[in-house]
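Enquirer: Fold the following and give me the result.
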Amino acid sequence: MAESSQKTENAAAVLKVFAILESLGEERRASLADIAQRAMTSKTTAHRLLRTMMHLGYVEQEPETEKYGLTLKLFGLGARVLRGQDDLLRAADREMGRLSRATGESVNLGVMDDFDQRVAYIHKYDSAYTLSMQSTLGKRNPLYSTSLGKALLAFRDDDEIRERIARMQMKKLAPGTITDPEELFRQLMEVRAQGYAEEIEESEAGVRCMAVPILDYAGRSVAAISVAFPLIRFDEARKPEYARLLLEAGRGASAALGHG
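Expert: Numbers count the residues shown, from 1 in each chain. So this is what the prediction gives:
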């Protein structure tokens, strides 16, 4: 009984550590009180865990404000994970650069995070405009509400798509968010047929995105490239051009990975 109780306490401590890390990842800098509130723990417990993470080199504290923030040690861990994606990053970067120069808009590369049905942003080109859609590397958004996620999902087999949709909690995030599983599946079949995905204020108000998959040698999606526009700057007359540019980018990156 005592051993079971200890395991439960250890698991709870691990959950609190990751809640603190995720809180700092979102806030950049945060006070002890804010961190404790977000981690749903006491300030005493949060302080003890933060001191341990500082000792290990993952967290630092500003002397002036006494706020806490993450160090680059976590970035180093993430970089090691991405090292296994060298071929993908090289193939995508070439095409993303072309898209960036042709559109001037934000261009993103995302991969599927199997843990909780999200897309993780692993590479980007920022917009040339002052008013632009800024994404953060490492950010994770739901598959169902993003053009990147739809492009990734559509190019998996139907059984896998159904299984993934069944595991989603389809909450309304923005004015156009799809919350009906059958409607999402229908849209994914359209994406598969036309080769690219769209999103109009589904993940964030005022944002419109288009995306294409990057396929491996077996024709299975391994990543996706998107172009993100402020809704007010999207030129409907240029939509066929945007689609063509994206489809060319997807084909180019896929060919570099052995597809076709």
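
Enquirer: Tell me where the stretch 101-250 of the chain has strands.
Expert: Applying DSSP state E, counting those that start in this stretch to the stretch 101-250 of the chain gives strands spanning 106-113, 118-125, 140-142, 197-200, 207-215, 221-230.

Enquirer: which residues touch the second one?
Expert: Applying Cβ atoms under 8 Å, 6 or more residues apart in numbering, the contact partners of strand 118-125 are 82, 85, 89, 92-93, 96-97, 99-100, 106-113, 135-143, 146, 148-149, 152, 223-224. Where C-beta positions appear, they are placed from N, C-alpha and C, glycine not excepted.

Enquirer: Relative to Lys16, tell me which of the strands of the stretch 101-250 of the chain wins on proximity.
Expert: Closest to Lys16 of the strands of the stretch 101-250 of the chain, according to Cβ to Cβ: strand 140-142, at 20.0 Å.

Enquirer: chain center to the closest one, what's the gap?
Expert: Its chain's C-alpha centre and that of strand 140-142 lie 5 Å apart, by Cα atoms, centre = their mean, to the nearest Å.

Enquirer: Which residues are in contact with the residue lying closest to Thr179 once chain neighbours are set aside?
Expert: In space, and not counting its chain neighbours, Thr179 is closest to Met170: 4.5 Å by Cβ to Cβ, 6 or more residues apart in numbering. Residues near Met170 by Cβ under 8 Å, 6+ apart: Pro142, Tyr144, Thr177, Ile178, Thr179, Asp180, Pro181, Leu184.

Enquirer: Tell me the predicted confidence for the fourth one.
Expert: What it means is Ile178. As predicted, Ile178 sits at a pLDDT of 94.

Enquirer: any idea how far Ala92 is from the closest residue in space to it that isn't next to it in sequence?
Expert: Of all residues beyond its chain neighbours, the one nearest Ile178 is Leu184 (5.0 Å), with distances taken as Cβ to Cβ, 6+ apart. From Leu184 across to Ala92, the span is 25 Å (Cβ to Cβ, to the nearest Å).

Enquirer: Those two - which one has more neighbours?
Expert: Neighbour count, other Cβ atoms under 10 Å: between Leu184 and Ala92, Ala92 has more, with 30 against 20.

Enquirer: re the thing from before, quick one: contacts for the residue nearest to Ile178?
Expert: Tyr144, Ile165, Met170, Ile178.
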